[in-house]
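Q: pasted the sequence and its predicted model underneath.
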Amino acid sequence: MKISNQIEHLRNLFNELRYMEVIQFGTITLPITLEEKRYAEALLCYEYLASAYFEIGSYQNFHAIMDDYEKLCLTYGKDDNKMVYYYLYSLEHIFTKHPDQSIEAAKKSLKYAHLLQNEELIIINYCNLAAQYRYIKEPENAQIAIKLAEYYKQKIPAVSATIVRGYLGALYYYASTNSDMEFNRIKQDILQHLEGKAPYYAGNILFAEAILNYRAGYGDESLGMFEQAFFQLEKQQNFVLLSVVERYLQRFGLIGKFRYKKELQQLIDRHKSEPNNVRKLRNIHADFFFEEETTVLSVKFPHVVTKESTIEFVEHALMNNESIYCIHWSFITDKIEELFRTLFTEQMLFTLFESIYSNIFEYEAKVNVLSRNAGEAIIKNVSENDFFKLLIKLEEKLRTTAVHSTSGVVEIPIHFGFIHSDQLKKEEVSYEQLAAFADASLYYAKSHGQLYIYS
Amino acid sequence: MHAKIDKADCMFLISDETMYQFQQLIDKLNLFTLILPLSEESYQRSVIIFDIWYLLSTEEIDRISNPENTMIYPIRKFLLDKIKTFQIKRYIQLALYENEKLAFICAIYVYLKQEQFLKEKLAENEEMAVNFQALKNFGGKSLRPYFDAKYIEVENYPQQLALLQSTILKELQEIVIEFEQSLHNLYEQAITEASEIYEAVFGLINDWGGRVT
């Protein structure tokens, strides 16, 4: 009850854009939620804290929070948590200068937002994408994104304070396309919703004005606006946006004329973009691993890869004319699940998987977990002889892992299905086809109670 | 969405150019595909959307069915036939033949609404839900390898799979007969929503289709 109240308070503070208070209260609530293992609430704390740090431009704190937030979100997060997480992750990458990662993350957040029909996040993300596509010079995508944002915007009557943050993306977009009318419309919208609230966004608006002026061909006026934006952001200590200001000054070729160049660069250096312990940039698809069925396996076997990297691996090999075996396996666990319980079965599957894992990694292989009791491996450059030796070895190993019950020994049947890339026509070979054929062969092995079918 | 679709998996006989055209659309209109449910991403889904796109954008006289796949994918064939018999407003239908982008967006929405229909019906019918789940366990991959000559030595045809498909088809037929009107309403909604969003992004449809009401 107490925690729920605290979270409600945080939600209100955040919607009122009272970011400093969000940080003060959030840092009190977060440890309590973690201690009591109230992860749903802990995730909300992380969400508010990360957002607040981002909005006030405190780079290092934002990074630090995102680091812990990521782990918890990918392990315990529900769809709505992931939706917000990927939105923030996308923002994080704008400032680490990885536009591609940022765009991918925004798309992912959008997928969750569409799934949950959360129009607010749909609009924010499309605005964000519009600005980013514009920045990386993909005007067609940028235009689609902004139009989609406008389309969904019509659907929500009242605009909440949160969405105002998203509108900044639209503001940057219209500034960089020199669309005066739309720019002013969005600007008025933002100002209207900021009335009576802390002036966190004055610097952002000045910065957008500077871009608009530059695009309209007013270089000197633009420079003046950049200077005003600099003063404002320096006052607010918004180092996140200051680093973006510097990037734009460079892109527009104005940095040489910028009178506060030294001060700007000193400020950025001092609050260097990367935090002390640099986060490794993760593959944003990593959360596929944390789907309920594969969670424990993937934590235990870090070399297991995602489907995306398997596809990449296959494509790369095929391009280099290397031959590949694609092998699928499946354990039939109905019986032990009936006799023992889920946790026990899971432990059993660990042991079995470990056998496969350790043997297969003697070769150049990629292993992908498909479900709790099924998996896939791609093995490169292995001769037919060696491949069958591997199969026999696996079978022997697996057969020794039988389970003893009161009614005797229970075996866990395993079936394999495989295909060699040379067995398909050259123009037909792809990851999808190999996997489909391996699956079909597994199906036949299963339906005939054999270890594998070879034809 | 999967950009690499094997044309052999389609319900129509397709030229390389057409497939290339569709792949270009996936790339160009990527932002419209984000509405598709994240967790159900599969190869099979992309092929189904391709079929719907091809059906909507190609006049009947130019379409040739792939007879082999009619047997391999009876459920897809059945649902595609349902879309085929649905009357789209004339001005939109004319525009669809002309405008591949509009057809692409319509295909996504038609697919989504059809899935919504299936989901609703599965929620009411436990037995059918179990069977659908069993079919899903084939991983959303191509089913052609199950009917491949390589496996004829093992078994004439994949008995379990064929039985499963025919059971689902029978159940589906009954449901669709009973709720045909609501399925048609959903298709109608899909086309309306898709054209609305198309017009919001690219401008009015009647610019080239000729609005005939």
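A: Yes, it's here.

Q: which parts of chain B sit against chain A?
A: With C-beta under 8 Å from any C-beta of the partner chain as the criterion, chain B comes near chain A at residues B:2, B:4, B:6, B:8, B:28-32, B:34-38, B:43, B:138-139, B:141-146, B:148, B:150-151, B:153-155, B:158-161, B:197, B:200-202. All C-beta atoms are positioned from the backbone trio N, CA, C, and that covers glycine.

Q: go with 7 Å
A: Taking C-beta under 7 Å from any C-beta of the partner chain as the contact definition, chain B meets chain A at B:4, B:6, B:31, B:34-35, B:37-38, B:43, B:138-139, B:141-142, B:145-146, B:148, B:150-151, B:153-155, B:158, B:160, B:197, B:200-201.

Q: now do stretch B:80-97: distance from first to last residue.
A: Across stretch B:80-97, the terminal residues are separated by 17 Å (C-alpha to C-alpha, to the nearest Å).

Q: now the residues of chain B next to chain A: which count as buried?
A: In terms of neighbour count (16 or more other C-beta atoms under 10 Å in any protein chain shown), the buried residues within the residues of chain B next to chain A are B:6, B:31, B:34-35, B:43, B:138-139, B:141-142, B:145-146, B:150-151, B:154, B:158, B:197, B:201.

Q: how about the closest residue to chain A within chain B, nearest residue that isn't a chain neighbour?
A: Relative to chain A, the nearest point of chain B is residue B:145 (3.6 Å; C-beta to the nearest C-beta). The shortest distance from residue B:145 to any non-neighbouring residue, by C-beta to C-beta, 6 or more residues apart in numbering or on different chains, is to residue A:440 (3.6 Å).

Q: now residue A:328: phi and psi?
A: phi -110, psi 150 (degrees, to the nearest 10).

Q: can you pull out the helices in chain B?
A: Under the criterion DSSP state H, helices of chain B are mapped to B:16-28, B:43-57, B:67-72, B:74-85, B:90-98, B:100-124, B:126-136, B:159-178, B:180-202, B:206-209.

Q: packing partners of the second one?
A: Helix B:43-57 sits against helix B:74-85, helix B:90-98, helix B:100-124, with contacts defined as 3 or more C-beta pairs under 7 Å, 6 or more residues apart in numbering or on different chains; DSSP states H and E.

Q: mean pLDDT for these: which is lowest?
A: Note on these: lowest mean pLDDT is at helix B:90-98, with a mean of 89.

Q: so who does the residue of chain B closest to chain A touch?
A: A:436, A:437, A:440 (C-beta atoms under 7 Å, 6 or more residues apart in numbering or on different chains).

Q: highest neighbour count among the residues you listed?
A: Most neighbours among the contacts of residue B:145, by other C-beta atoms under 10 Å in any protein chain shown: residue A:437, with 29 neighbours.

Q: can you tell me how far it is from residue B:60?
A: Noted for residue A:437: a distance of 34 Å to residue B:60, by C-beta to C-beta, to the nearest Å.

Q: right, so of the helices of chain B, which gets closest to residue A:89?
A: Nearest of the helices of chain B to residue A:89, taken as C-beta to C-beta: helix B:16-28 at 23.5 Å.

Q: the closest one vs helix B:100-124, what angle?
A: 80 degrees (axes from the mean of the first three to the mean of the last three C-alpha atoms, to 10 degrees).

Q: so which residue is dead centre in chain B?
A: Nearest to the mean C-alpha position of chain B, by C-alpha atoms, centre = their mean, lies residue B:48 at 3.5 Å.
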